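Chemist: Fold the following for me, if possible:
(one chain, ligands or ions: 1)
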Amino acid sequence: MDLGLLLHALIPSSTSVAILAAFFTYLAIVGPILPGKVVPGVILQDGSRLHYRCNGLLSLLLLVALLGMAAKMDYISPTVISDRGLELLSATFVFSCIVNLVLYAAGCKSRNQGSSLKPHLTGNLIHDWWYGIQLNPQCMGIDLKFFFVRAGMMGWLIINLSVLARSIQDATLSRSMILYQLFSLLYILDYFFYEEYMTSTWDIIAERLGFMLVFGDLVWIPFGFSVQGWWLLNNKPELTTASVIANCFVFLIGYLVFRGANKQKHLFKKNPKAPIWGRPPKVIGGKLLASGFWGVARHCNYLGDLLLALSFSLPCGISSPIPYFYPIYLLILLIWRERRDEARCATKYKEVWAEYCKLVPWRILPYFY
Ligand code: NDP
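Modeler: Predicted coordinates:
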């Protein structure tokens, strides 16, 4: 595609603005009304606690059903998103900049001293813009951080489904596309099935809402993580049966480690005496779990996520680095994140953390890192 055409394809049309508006309006409406378990968040510094309605799975299934019906009745084209990928990308980018501008202005003006809304201003414009000013900003009773990550994960699936529809219409559906679609579908469904676990993750409990998260959730997740699907629309790598089996194996191992580790930590936080792998847990200083996956490496959950990311790209073969965008990005992100998390834990847990590091010396991959 030449530069002129590319720039033209990036200009948002009224259709792409309407798609985005409809998507966010749908999420804002169903979030507070659909049934779902209401989960208390972590206790914040001032003793307060937010509550999250975990109805993401139901919201997603309803959305897919509604879109399926609308496509069947010819109200919308199932390929509308894959046909307008670039303009949707730029429209979402502009939207995320506007959202962040509003968050920045609201954060600067806020006089609230509660943990959720207390402004954290360093005076460094770039730092405050990137990391954000408030921990849990709300809009009309909606927790924006939880809302945006949900929008990003759902957007990823909706893009994938539209790419799949385009590939079926073009009669280019391949084994690779089926594998990529299947793995990412399982990952996204699993995310929403265990949405409650999200409430105790670093993003929700420790990260303020700034451009890093807004852009990451709204643009990076749906458009960046779906690169393999877009790439497979124009490329058809040959996959042997052995490589398909190996690919499934990487996915399965990745899933068991990722979900197992996150589940163990979540259960431990709820009940520090709950058995881990059928045995009483090894606990350091009454606070840190040092058995199960958390006795193998201090961020074993990152290892599982990295294997999963790799399994989404392996169906594309090794002829191009483009489909490996997601695992490479995730590797960099998780190493950076693990360093920041370790610094936070060292400050929070002091000698207990030092003891944990001595007992479990590996950060992510045992005997390697
Ligand atoms: P973790 O779930 O690892 O949470 C880190 C926190 O857990 C620490 O700050 C500490 O918090 C607590 N903790 C750490 N070690 C222990 C221990 N041994 N025992 C008890 N508590 C402990 O990190 P994230 O929130 O970063 O990640 C959650 C999941 O999300 C991961 O699987 C990650 O791979 C995934 N992820 C995916 C991304 C993607 O783009 N695909 C991006 C980022 C994350 P506390 O103060 O509460 O004790």
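Chemist: Give me the nearest residue to Ala354, chain neighbours excluded.
Modeler: Nearest residue to Ala354 in three dimensions, chain neighbours excluded: Ala346, at 7.4 Å (C-beta to C-beta, 6 or more residues apart in numbering). Backbone N, C-alpha and C define where each C-beta goes, glycine included.
Chemist: go on, Val227?
Modeler: Val227's closest residue in space is Phe325 (C-beta to C-beta, 6+ apart), at 4.8 Å.
Chemist: quick one: that neighbour from the ligand, how far?
Modeler: Computed as C-beta to the nearest ligand atom, to the nearest Å, the Phe325 to the ligand distance reads 12 Å.
Chemist: ok so, going back, these two touch, right, the residue nearest to Ala354 and Trp353?
Modeler: Yes. At 4.9 Å, Ala346 counts as touching Trp353 under the criterion of C-beta atoms under 8 Å.
Chemist: Which one's more surrounded, those two?
Modeler: More neighbours surround Trp353 than the other of Ala346 and Trp353, with 20 against 15 (other C-beta atoms under 10 Å).
Chemist: May I ask which helix or strand encompasses the more buried one?
Modeler: If you go by DSSP states H and E, Trp353 is part of helix 351-359.
Chemist: for Arg340, same thing?
Modeler: Assigned by DSSP H and E, Arg340 falls within helix 325-349.
Chemist: pLDDT of that helix, averaged?
Modeler: Across helix 325-349, the average pLDDT comes to 92.
Chemist: which of the residues in it are buried?
Modeler: Using 16 or more other C-beta atoms under 10 Å as the test for burial, helix 325-349 gives Phe325, Tyr326, Pro327, Leu330, Leu331, Leu334, Arg337, Glu338, Asp341, Cys345, Tyr349.
Chemist: how much space between the closest residue to Ser115 other than its chain neighbours and Glu195?
Modeler: The shortest distance from Ser115 to any non-neighbouring residue, by C-beta to C-beta, 6+ apart, is to Leu44 (3.6 Å). Between Leu44 and Glu195 the distance, using C-beta to C-beta, to the nearest Å, works out to 20 Å.
Chemist: The two: who's more crowded?
Modeler: Ranked by neighbour count (other C-beta under 10 Å), Leu44 and Glu195 place Glu195 first, with 24 against 16.
Chemist: quick one, strands of the stretch 51-200 of the chain?
Modeler: Ranges of strands in the stretch 51-200 of the chain, per DSSP state E, counting those that start in this stretch, are 51-54, 138-139, 142-143.
Chemist: Now do the last one, average pLDDT.
Modeler: Pointing back at strand 142-143 there. Averaged across strand 142-143, the pLDDT comes to 92.
Chemist: helices or strands up against it?
Modeler: helix 14-33 (3 or more C-beta pairs under 8 Å, 6 or more residues apart in numbering; DSSP states H and E).
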